[in-house]
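[1] Let's see this in three dimensions:
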Amino acid sequence: MRRRHFIGLLIAQAACVRAPQPALARAARYLWKQQAGDGGWHSHTYGLLRSGQSLTPFVLDALLEVPGNLFPLPSIQVDRAIAFIRRNTQSDGSLGTADPGIPDYPNYSTALAVLALCRAGRAGWVQPMVDYLRRQQFTEQNGWTRSHPAYGAWGMGGGVRTPPDTGHVDLSMTRHVLEALRAAAVPEADPVFERAGVYLERCQNLAGQEPGTGHSPDGGFFFSTTEFDTNKAGHDGQRFRSYGTTTADGILALLATGRKVGDAGVVAAQRWLMARHHDMAVPGFIGEAYQRWPRGLAFYYAAASTRAFQSLKLDASTGVIDGLLRTERADGSWANPENLVKEDDPLIATPFAIRALVAASGVDH
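    A predicted model of the protein is given here:
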């Protein structure tokens, strides 16, 4: 009886590995159908995302990850998407600033464009974008010193920020810029990564941090050292609580700076995540006031956690795959019932789901 049960488990696990492939093909077909005549993807849910400047590289980069044997890459549509990105990139290298009065997440947009262009084999076009992202870092070049909580990070982008005005600064934007710089072959020894490491250490709850700095020594990460209300899991007295999306981001950001899998900070964050991870529900939220967040961040967490596990060579994403396969809609899209971070827009949730399935299933691409 036990042997039959064991064999059944093995069959179920094998099926789980295979199952993401048709889901990925359906998702790719859905997203390519949503491409507009101008080559971009434009939100029909959120006005801020209607310009397509941030959505287009976000969607394109996810689609470029889908293996060609599952859904052949439509080269003409890829070229149209890249033409849209180049057409909307400004002379300073920024994407997301076509309308100065309504910025469309410029640092996200530009970093995602670098990632997409490099993945598409067009890395020769990214240098102005890389230069723009370098200028956006909170360092001495813009008057920031290492004593400032935002030092080494990236904010929303647009006009260069000088002290004391940080604007919005967080770990997610910093992670995506760091990954873009690595994709663009910025050398690991470049000072940009060491400076970013200062910010990452301040966002991690590590033992030995000074009292009163917002750190509890559990090894996880929180969202921002400057935007206190955006630390979505709240705080315990003066200590910001770690939570799943930020801890996955923290692992990926540390690795992007050149930290190794065995580095103490990476190991501490890995332990936090592995001890709490189960499925798409984001861990780390305590108390009734925070209970929408585990669902509201589900697709971002699916993508970030599976990528972190993949980078750490850990097999811990079965629950995420199962959750995504259960919730894919008939047309190949996903949408979150919660609208806390715009995941109710299928053009947000579906690319996250694609990234998660690719990373978690280990399909070749």
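[2] was I right about residue 226 contacting residue 165?
    No - counting by C-beta atoms under 8 Å, residue 226 stays clear of residue 165, with 10.6 Å between them. For every residue, glycine as well, the C-beta is placed using N, CA and C.
[3] and the residue most central in space within the chain, what is it in contact with?
    For the chain, the residue sitting closest to the mean C-alpha position, by C-alpha atoms, centre = their mean, is residue 304 at 5.6 Å. By C-beta atoms under 8 Å, 6 or more residues apart in numbering, the contact list for residue 304 reads 245, 248, 249, 252.
[4] In helices only, show me those residues.
    Mapping the contacts of residue 304 onto helices (DSSP state H) picks out 245, 248, 249, 252.
[5] Residues contacting stretch 75-83, please?
    Residues outside stretch 75-83 that contact it (C-beta under 8 Å, 6+ apart) are 32, 35, 38-41, 56, 59-60, 64, 116-117, 120, 122.
[6] correction: stretch 253-262
    171, 174-175, 178-179, 181-182, 188-189, 193-194, 196-197, 200, 263, 265-267, 269, 311-313.
[7] remind me which residues of the protein are low pLDDT?
    1-19, 208-216, 238, 362-365 (pLDDT under 70).
[8] distance of the spatially closest residue to residue 227 that is not a sequence neighbour from residue 96?
    The shortest distance from residue 227 to any non-neighbouring residue, by C-beta to C-beta, 6 or more residues apart in numbering, is to residue 168 (5.8 Å). Residue 168 sits 14 Å away from residue 96, going by C-beta to C-beta, to the nearest Å.
[9] Same check on residue 329?
    With C-beta to C-beta as the criterion, residue 329 and residue 96 are 29 Å apart.
[10] ok, now residue 119?
    19 Å.
[11] Show me which of those two is the more surrounded one.
    residue 96 (27 against 17; other C-beta atoms under 10 Å).
[12] residues touching that one, list them.
    Residue 96 is in contact with 53, 54, 103, 104, 105, 106, 107, 108, 109, 110, 157, 158, counting by C-beta under 8 Å, 6+ apart.
[13] out of those residues, which is most surrounded?
    Ranked by neighbour count (other C-beta under 10 Å), the contacts of residue 96 have residue 110 at the top, with 34 neighbours.
[14] give the contact list for that one.
    So residue 110 contacts 89, 93, 94, 95, 96, 129, 132, 133, 157, 180 (C-beta under 8 Å, 6+ apart).
[15] let's see 6 Å
    Neighbouring residues of residue 110 by C-beta atoms under 6 Å, 6 or more residues apart in numbering: 94, 95, 129, 132, 133.
[16] Near residue 118, how many other residues are there?
    20.
[17] which residues of the stretch 51-200 of the chain fall in helices?
    Assigned by DSSP state H, counting those that start in this stretch, the helices in the stretch 51-200 of the chain fall at 55-65, 75-88, 106-119, 127-136, 171-183, 191-202.
[18] for the first one, the distance to its chain's centre please.
    Spelled out, that is helix 55-65. Averaged C-alpha coordinates place helix 55-65 at 12 Å from its chain's average position (C-alpha atoms, centre = their mean, to the nearest Å).
[19] Touching it from outside, list them.
    28, 31, 40-41, 49, 81, 84-85, 112-113, 115-116, 119-120, 347, 351, 354-355, 358, 365.
[20] Thanks again, I'm all set now.
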